[in-house]
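Q: whatever this is, show me its structure:
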Amino acid sequence: MPDLAQGLVDHIRDNSARLADACTACGECYRACPMVPRTSALDGAAPQAVMAGIRDILRDGEGTPEAIAFAGACTRSGVCTPSCPEKLDAAFLMRLASLRVRGAIGGVPRVAKKHDPAWSSRVKAFARLTMNEEEQARWL
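A: This is a model prediction of the structure:
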């Protein structure tokens, strides 16, 4: 991995660990989030339990289904940040959790653990639908 990419991965891991340690999992950011009522996977979920799952994700754990759903529902509105009694950047915390859930920082995305050999060809097929012939020749 090039030094720049490794530096970014290290930065994300360091900040993930720092925020997971500083977060008390009180759930205030969860309560403030405008996406919670719109996400059926979070119906009846306890805010503290969801945030404990988010902390687990930030520490390289599997998290919980509710924590994964919460990270996936995040639209980065930033409404959560002012609600944090610890004065953490809750929006950044959720961004890091979302990156980790999708597997952007080491590991395989939790939402698609199996390798899909047809993925590349499907992306190219979709791209062909949205590109003219000149663009296809240049990019594909």
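Q: ok, now which ones touch the most centrally placed residue in the chain?
A: The residue lying closest to the centre of the chain (Cα atoms, centre = their mean) is S98, at 0.6 Å. S98 makes contact with 71-72, 74, according to Cβ atoms under 8 Å, 6 or more residues apart in numbering. For every residue, glycine as well, the C-beta is placed using N, CA and C.
Q: top of the residues you listed by neighbour count?
A: A71 (25 neighbours; other Cβ atoms under 10 Å).
Q: so for the helix ranked longest in the chain, mean pLDDT?
A: Taking DSSP state H as the criterion, the chain has its longest helix at helix 3-22. Mean per-residue pLDDT for helix 3-22: 86.
Q: so which elements touch the helix or strand just after it?
A: As assigned by DSSP states H and E, the chain's next helix or strand after helix 3-22 is helix 28-32. Other elements packing on helix 28-32 under the criterion 3 or more Cβ pairs under 8 Å, 6 or more residues apart in numbering; DSSP states H and E are helix 47-58, helix 90-101.
Q: weakest of those helices by average pLDDT?
A: helix 90-101 (a mean of 92).
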